[in-house]
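In: What follows is a protein structure lacking sequence information:
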């Protein structure tokens, strides 16, 4: 018995040895884990490499100047005149009067262009195939389609007014010599607790500026093409060849508007604008002329007597 007791360990001793063994195993595992170093993942360098291996700033010079920084010498371009000072400050007494604009300027925006369109249409009616035009006008009156022609002409007038109405507010925040700043349809600002106190406008320099202005011209096309879609078919029934010429001239003017706007900036696009606008006004005038004839308004002619 004494011999066996010297061989078999006491239960408390066995438990102690077992705990010690587990502790040692944990220590070994801990050492192995700490020795396994995870390789540091390098952040990707997303900067743009310029010539010579130097990093180029992805921001445009106008954006850098606007935020108070400096553009890299390698990519520096002429600065926008409004890059630092932001929107021009216009005194309250120099802002347009809302009442005057609403009751004087706005009606003139409808009446004067309409008069130009009617004058062009009357010249077409007078110096063109007058007898054929009259025969088609008689059919329009017979089927009481003069109402549709008047409605189409109204679409042209109201779209023109709605497009020109924002000029009332544009004159209150931009000057006539604000150059490319005037190409902005919207003026944005950041919001939130840490937002910068700056307005956000188009980048107007370099290829980005050209891209922005080309798309501005596209947006302008969608603003004004309703009269073409509505009037081409109706005017084409009475004045087939003149209507086709009006639509094609309008298309050429729109492309000229876009090309000059993108390449040369605000102001140069006016040539294309005038070509396209006069073509659409002529189409609108043909609609009004046909509607007037259907309603019994006499149409005098310079070529064939007092009325045709």
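Out: Arrived safely. Fair warning: this is a prediction, and the values are worked out from it, not measured in the lab.

In: where exactly do the helices run in this structure?
Out: Along the chain, counting by DSSP state H, helices occupy 2-7, 11-35, 61-66, 98-100, 106-127, 130-142, 146-164, 167-173, 206-224, 226-238, 240-264, 270-294.

In: List the residues that contact the residue nearest to residue 101 when sequence neighbours are not counted.
Out: Excluding its sequence neighbours, the residue lying closest to residue 101 (Cβ to Cβ, 6 or more residues apart in numbering) is residue 168, at 4.6 Å. In this view, the C-beta of every residue, glycine as well, is placed from N, C-alpha and C. Residues counted as contacts of residue 168 (Cβ atoms under 8 Å, 6 or more residues apart in numbering) are 96, 98, 101-102, 105.

In: Name the nearest of those relative to residue 203.
Out: Nearest to residue 203 among the contacts of residue 168, counting by Cβ to Cβ, is residue 96 at 28.3 Å.

In: Touching, the closest one and residue 174? I think so.
Out: No. Counting by Cβ atoms under 8 Å, residue 96 does not reach residue 174; the two are 11.8 Å apart.

In: More neighbours: those two, which one.
Out: residue 174 (19 against 15; other Cβ atoms under 10 Å).

In: Enumerate every residue touching that one.
Out: Residue 174 neighbours (Cβ under 8 Å, 6+ apart): 87-88, 181-182.

In: Recalculate using a threshold of 6 Å.
Out: Applying Cβ atoms under 6 Å, 6 or more residues apart in numbering to residue 174 gives the contacts 181-182.

In: can you give me phi and psi for it?
Out: phi -140, psi 150 (degrees, to the nearest 10).

In: got a list of contacts for stretch 97-110?
Out: 157, 161, 164, 168.

In: again, only using 8 Å
Out: 96, 157, 160-161, 164-165, 168.

In: For that stretch, measure first residue to last.
Out: Stretch 97-110 has an end-to-end distance of 19 Å (criterion: Cα to Cα, to the nearest Å).

In: Quick check: buried residues in that stretch?
Out: 101, 106, 109 (16 or more other Cβ atoms under 10 Å).

In: between the contacts of stretch 97-110, which has the most around it?
Out: residue 160 (22 neighbours).

In: okay, and for the chain, where does confidence drop off?
Out: 1-85, 301-308 (pLDDT under 70).

In: let's see 50
Out: Applying pLDDT under 50 to the chain picks out residues 1-6, 37-60, 62-63, 65-78, 303-308.

In: Columns distance to residue 209 on top of the contacts of residue 168, output as JSON lines?
Out: Formatted as JSON lines, the contacts of residue 168 follow (distance: Cβ to Cβ, whole Å):
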{"residue": "96", "distance to residue 209": "28"}
{"residue": "98", "distance to residue 209": "32"}
{"residue": "101", "distance to residue 209": "30"}
{"residue": "102", "distance to residue 209": "34"}
{"residue": "105", "distance to residue 209": "30"}
